[in-house]
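Trainee: What follows is a predicted protein model with its sequence.
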Amino acid sequence: MNEINNEQIKSILFEVSKEFILPKFKNLKSEEIQFKNNRDLVTEVDLAVEEKLNNILCSLLPNSLFVGEEKFSLNSKIFDCYKQNQYCWTVDPIDGTTNFVNGKEKFAIMVALTFSDQIIQSWIYKPLTEEICSALLGEGTFINDEKIIITNNRNISEASGSISSKYWNETFDLKMKEIRPKFKHVKSYGCIGFEYLEIATNIRDFAILSNLSPWDHIPGILIVREAGGFDIHFDKTPYAHNIEKKNLVVSGSITLQNEIINLIKE
């Protein structure tokens, strides 16, 4: 398996951020913002970053495939890329677009490299602080080259995290409202990349998720797994990026994961 140099990726993300993202933070014009569906924003910056990363990343690995959020919105069959025995890049050019549009600081660039059913490497980059979190399959999770390990083992009444408020059917929506008070603190950031990072760095304990777009989750899943965390669907199977499912629990400990699943199943 090919391993991509972290410094090379950090340099790429730094330059892309410097060229496209930072000049437009708190400086977007209304004509540079639009809705791509009834609820999700996209900006000219998202499109430019994705196109740039498509070109650069695929040049690093000739014949590799590319799945980007904005590209996917034009061709849903692109999901089939994950079912082929080829390297595939997955990119969210700006995770937290609404935050970016509104001048809020929680947004990130997310990148992952997969091969068939394996997540090989991933990166989450914060443009405003130049902090990068990376993970390599079997080797661990790192923030700016310092290895991190999850040590939290809180139970539900002590746990902080997020519960997705979108895309549930009516039954699950009611269930989420029912279990929400069981946790110590529940808040979503509008940037799932930040939530994955905070689980991996012991700031948060869990995320209960309903919309599993690959660019939102492939990078963060490997980062949490390699830091010692866990992920499971409501049917008790682990996350697989090449199988479409609609729910997921990500947690810092197996004990908390089991408690959450049992609570959902009650």
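Mentor: Good, I have the coordinates. Everything quoted here is computed from the prediction, not taken from an experiment.
Trainee: going forward, measure contacts between C-alpha atoms and count neighbours the same way
Mentor: Will do.
Trainee: so where do the helices sit in the stretch 51-200 of the chain?
Mentor: 69-74, 97-101, 170-179, 192-200 (DSSP state H, counting those that start in this stretch).
Trainee: what's the angle between the helix or strand hosting residue 219 and helix 192-200?
Mentor: Using DSSP states H and E, residue 219 sits within helix 214-227. Orientation of helix 214-227 against helix 192-200 (axes from the mean of the first three to the mean of the last three CA atoms, to 10 degrees) gives an angle of 10 degrees.
Trainee: The following helix or strand past helix 214-227 - which strands sit beside it in the sheet, and in what orientation?
Mentor: Downstream of helix 214-227, the first helix or strand assigned by DSSP H and E is strand 230-232. Paired neighbours of strand 230-232 in the sheet (DSSP bridges): strand 248-251 (antiparallel).
Trainee: Contacts for the strand it pairs with, please.
Mentor: For strand 248-251, contacts defined as CA atoms under 8 Å, 6 or more residues apart in numbering pick out 199, 205-210, 212, 229-234, 239, 257, 260-261.
Trainee: mind running it again at 6 Å?
Mentor: For strand 248-251, the surrounding residues in contact (CA atoms under 6 Å, 6 or more residues apart in numbering) are 205-209, 229-233, 257.
Trainee: same deal with stretch 47-61?
Mentor: 64, 93.
Trainee: mind redoing it with 7 Å?
Mentor: Stretch 47-61 is contacted from outside by 16, 20, 64, 66, 68, 70, 93, using CA atoms under 7 Å, 6 or more residues apart in numbering.
Trainee: Can you list the buried residues in that stretch?
Mentor: 47-50, 53-54, 57-58 (16 or more other CA atoms under 10 Å).
Trainee: and it, average pLDDT?
Mentor: Stretch 47-61 comes out with an average pLDDT of 97.
Trainee: do the same with stretch 141-150
Mentor: Mean predicted lDDT for stretch 141-150 stands at 96.
Trainee: Output it as PDB - backbone C-alpha positions only.
Mentor: Provided in PDB are the C-alpha atoms of stretch 141-150 (Å, rounded to 0.1, in the frame of the first residue of the first chain):
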ATOM      1  CA  THR A 141      -3.400   9.300  15.200                       C
ATOM      2  CA  PHE A 142      -1.300  12.400  15.400                       C
ATOM      3  CA  ILE A 143      -1.800  16.200  15.900                       C
ATOM      4  CA  ASN A 144       1.100  18.100  14.300                       C
ATOM      5  CA  ASP A 145       3.200  14.800  14.600                       C
ATOM      6  CA  GLU A 146       2.400  14.200  18.300                       C
ATOM      7  CA  LYS A 147       0.600  10.900  18.900                       C
ATOM      8  CA  ILE A 148      -2.700  11.100  20.700                       C
ATOM      9  CA  ILE A 149      -4.700   8.500  22.600                       C
ATOM     10  CA  ILE A 150      -8.200   8.500  23.900                       C
END
